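> need coordinates for the below:
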Amino acid sequence: MIFIAAFVPSENDSLAGLFGGKLPSALVPESDGTLVPTDPIHLFYHDVPEEEAQWAKNTMVAHGTNVQYATINCDKVAWRVIPLTYIICEEDQGLLSFLQEGMIEKVEEQGVIVQKHRLPSSHSPFLSMPKKLAGIVLEAMNSR
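Next up is the predicted model:
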């Protein structure tokens, strides 16, 4: 299982619960029940060429506010039984690297081995550095 600058919740966690029950200030709840990022290009695509970043912004879909508070309802999250690789995106402005590292630490404290990699990228290395990302993915697949 490969996580790229992603939330790593445990059983009965919620995404907001990972951060003290509050949504990040960069996500603004709308009256229709969705969340809108304050500045998507800065948050997710700041190292992507402008035209491509604009395209990515225009293809984003809304996330429901309620999803952020919904608990993960399962007996065992997958990362407990499937080998976990986490790619830390060091320049991510949407999910800051210290938050990514904190989630990894919590997983490791539970005895799970996490294969960690770092990229000097925004939240979207699949757009900004796809070859480097592909190399890490292939390495992770071949090492397990």
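> quick one, strands of the protein?
2-4, 27-29, 34-37, 63-64, 84-89, 114-119 (DSSP state E).
> what pairs with the first one, parallel or antiparallel?
Read that as strand 2-4. When sheet partners are counted by DSSP bridges, strand 2-4 sits next to strand 84-89 (parallel).
> export the partner strand as CSV, just CAs?
Extracted in CSV, the C-alpha atoms of strand 84-89 (Å, rounded to 0.1, in the frame of the first residue of the first chain):
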residue,chain,number,x,y,z
LEU,A,84,3.0,0.4,4.0
THR,A,85,5.1,2.8,2.0
TYR,A,86,4.6,6.5,2.6
ILE,A,87,5.9,9.2,0.3
ILE,A,88,6.4,12.5,2.2
CYS,A,89,6.0,15.5,0.0
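> make residue 1 into 52 and carry on from there
In the new count, where the first residue is 52, that last one comes out as strand 135-140.
> that strand: which residues count as buried?
By neighbour count on 16 or more other CB atoms under 10 Å, the buried set for strand 135-140 is 135-140. C-beta: built from backbone N, CA, C; applies to glycine.
> repeat that for stretch 125-135.
For stretch 125-135, the neighbour count (16+ other CB under 10 Å) marks 128, 130, 135 as buried.
> these two touch, right, residue 90 and residue 78?
No: Residue 90 is beyond contact range of residue 78, at 11.1 Å (criterion: CB atoms under 8 Å).
> tell me the residue furthest from the middle of the protein?
Each residue of the chain has a distance to the centre, and by CA atoms, centre = their mean the biggest one is for residue 82: 25.0 Å.
> what's the spacing between that residue and residue 116?
According to CB to CB, to the nearest Å, residue 82 and residue 116 sit 10 Å apart.
> got it, and residue 180?
From residue 180 across to residue 116, the span is 31 Å (CB to CB).
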